[in-house]
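*Asks:* Mind looking at a prediction? Sequence and model below.
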Amino acid sequence: MSASEDEADVERVLSGDTVAFEGIVRRWQGPLVNLAYRFCRDRGRAEDMVQEAFLRAFRGLARWRRQAAFSTWLFALATNLYCSELRRLPARTVPLDQAPEPQEPRAADGGLTSEDRDRVVRRAVHALPAKYREAVILYYFHGMNVDAAAQSLGLAEGTLKARLHRARELLRGRLPRLFALPSPKEA
């Protein structure tokens, strides 16, 4: 994905060629749907949130200051929308200690299959308080670096790092029970 393509399309849209926005949508729709899905775990709701994000981006295109890449601005706009939307209408979650244990199939060694493990980790992440969950989703699941994730959430880098650290502590304390591993305190 090219920053120059984004800039050219933005210039064309701002010059009156609204059809040029289609290039932006084509380039960024998949990544934004993936990000939204990681926030809400509902494909239909994710697609609705992305549609709203693109609408807001189109309306606010003139406010992009070009101090950061267009993609950074777009992801910050989308992340803020997703967070606001989930505060307004929270995704249905189950507290981690009430989450059912994964059922068969078990791995040959009696442990969890990698698919079960992934599902349990994602469930645990979605049970985190929102401020920690948002940081984990952007950094680990969406692969953003600290700077980009912090910008998307409107945080200082140090604050994002602190939230990631706290989220890892919470997960470390909760996941051993689900994986039937001794916690660091028991070992």
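*Replies:* That came through fine. Note that this is a predicted model, so its numbers are computed, not measured. Numbers count the residues shown, from 1 in each chain.

*Asks:* Contact partners for L77?
*Replies:* Contacts for L77 were tallied using Cβ atoms under 8 Å, 6 or more residues apart in numbering; they are A53, R56, A57, G60. All C-beta spots, glycine's among them, are computed from the backbone N, C-alpha and C.

*Asks:* CA atoms only for the one helix or strand the second one maps to, dumped as CSV, please.
*Replies:* By that I understand R56. Element membership of R56 [criterion: DSSP states H and E] is helix 43-59. C-alpha atoms of helix 43-59 as CSV (Å, rounded to 0.1, in the frame of the first residue of the first chain):
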residue,chain,number,x,y,z
ARG,A,43,-18.4,-9.5,11.1
GLY,A,44,-21.6,-7.7,10.3
ARG,A,45,-21.0,-5.1,13.0
ALA,A,46,-17.4,-4.7,11.9
GLU,A,47,-18.5,-4.0,8.4
ASP,A,48,-21.0,-1.4,9.6
MET,A,49,-18.3,0.3,11.7
VAL,A,50,-15.9,0.4,8.8
GLN,A,51,-18.6,1.9,6.6
GLU,A,52,-19.1,4.6,9.2
ALA,A,53,-15.3,5.1,9.5
PHE,A,54,-15.1,5.7,5.7
LEU,A,55,-18.0,8.1,5.8
ARG,A,56,-16.3,10.1,8.6
ALA,A,57,-13.0,10.0,6.8
PHE,A,58,-14.6,11.3,3.6
ARG,A,59,-16.3,14.1,5.4
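
*Asks:* how does this protein divide up, domain by domain?
*Replies:* 3-88, 96-179 (automatic domain parsing).

*Asks:* weakest of those domains by average pLDDT?
*Replies:* Of all the domains of the chain, the minimum mean pLDDT falls on domain 96-179 (a mean of 78).

*Asks:* By residue count, tell me the biggest helix in the protein.
*Replies:* Counting residues, the longest helix in the chain under DSSP state H turns out to be helix 157-179.
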